[in-house]
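>>> What would the 3D arrangement of this be:
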Amino acid sequence: MRAIKSWWLLVAFLSGFTLAMMAEELVLNWRNDHLEFSAPRVHFLRGQPLELLHNAAPVPFNFQVTIWSGTHNHVFEQLHDRFVVSYDLWEERFKVVKTQSPRRVAEHLTADKAEAWCWEQMSLASDTTGLGGSEPFWTAFEIRAEDGKGGPLFGRSITDSGISLTSLIELFSRPPGAQQSHWGPYEAGPYTLDELKKSPHRGL
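Numbers count the residues shown, from 1 in each chain. Have a look, this model is predicted:
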């Protein structure tokens, strides 16, 4: 019996540790009257997407951020955007184009700065109007790369043109391809706005 109890204690500890680690993937702060997202442990400019970028092929990354309020059954807000990333072989810097309106461009970025810029744009799109200060809420994010592992890429022209919001929503309504590079979904919470406003800014 002692062995069984020890085993279950170990399982419970490891499960709690895993959940804590997952929660750290998404960090929330309150800055300039906005909910600020960051994911300092998640680096999507790696692996197959980075290999393609180093071969002068632009790679789109599709983002989805979901906020539930009150309960997990109530979706308060859902944000979608696509960022097309390219790499300058001579300068060894990244260019990122945010394709959803308002379209924005950032250039001459390191990998870390490019990733952080994408999160900054997602943060700017969030609107917490209507969310009570003491109301609990949860957030989750997912990123999917169009790197040829989840569908055709080679022989297909990738441009900086936008994609419809409906198409992005439909994309995330399906599971990612078995070989597609993707990150998440990672969830964090519960939080309240009152708590975030009182907490010191954690940053990256």
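>>> was I right about residue 88 contacting residue 96?
No - look at residue 88 against residue 96 with Cβ atoms under 8 Å: they stay out of range, at 11.9 Å. Heads up, the C-betas are built off the backbone N, CA and C, glycines and all.
>>> In terms of neighbours, single out the busier of the two.
Under the neighbour definition other Cβ atoms under 10 Å, residue 88 and residue 96 were set side by side, and residue 96 has more, 22 against 14.
>>> Any figure for the gap between the residue nearest to residue 108 when sequence neighbours are not counted and residue 105?
Spatial nearest neighbour of residue 108, excluding adjacent residues (Cβ to Cβ, 6 or more residues apart in numbering): residue 93 at 4.7 Å. Plainly put, residue 93 is 13 Å away from residue 105 if you go by Cβ to Cβ, to the nearest Å.
>>> Between those two, tell me which one has more neighbours.
A side-by-side neighbour count of residue 93 and residue 105, using other Cβ under 10 Å, places residue 93 first with 16 against 10.
>>> contacting residues around the more buried one?
Residue 93 makes contacts with 87, 107, 108, 109, 110, as judged by Cβ atoms under 8 Å, 6 or more residues apart in numbering.
>>> Am I right that the third one sits in a strand?
Yes - according to DSSP: H, G, I helix; E, B strand; the rest coil, the state of residue 108 is that of a strand.
>>> Who does the residue nearest to residue 108 form a beta bridge with?
Beta bridges link residue 93 to residue 88, judged by DSSP bridges.
>>> And the pLDDT for it?
On pLDDT, residue 93 comes in at 97.
>>> same check, this time on residue 98
For residue 98, pLDDT reads 96.
>>> Double-check it against residue 83; I have them as touching.
Yes - applying Cβ under 8 Å, one finds residue 98 in contact with residue 83, separated by 5.7 Å.
>>> Mind listing the shared neighbours of those two?
Both residue 98 and residue 83 are in contact with 118, 121, where contact means Cβ under 8 Å, 6+ apart.
>>> Can you pull out the low-pLDDT segments for the chain?
Across the chain, the ranges flagged by pLDDT under 70 are 1-24, 148-162, 200-204.
>>> For it, just list every one of the strands.
For the chain, the strands defined by DSSP state E cover 27-31, 34-38, 59-69, 75-88, 93-98, 104-109, 137-145, 182-191.
>>> now those strands in JSON lines, with distance to residue 131?
Output for the strands of the chain, formatted as JSON lines (distance: least, Cβ to Cβ, whole Å):
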{"stretch": "strand 27-31", "distance to residue 131": "12"}
{"stretch": "strand 34-38", "distance to residue 131": "9"}
{"stretch": "strand 59-69", "distance to residue 131": "6"}
{"stretch": "strand 75-88", "distance to residue 131": "6"}
{"stretch": "strand 93-98", "distance to residue 131": "24"}
{"stretch": "strand 104-109", "distance to residue 131": "25"}
{"stretch": "strand 137-145", "distance to residue 131": "6"}
{"stretch": "strand 182-191", "distance to residue 131": "10"}
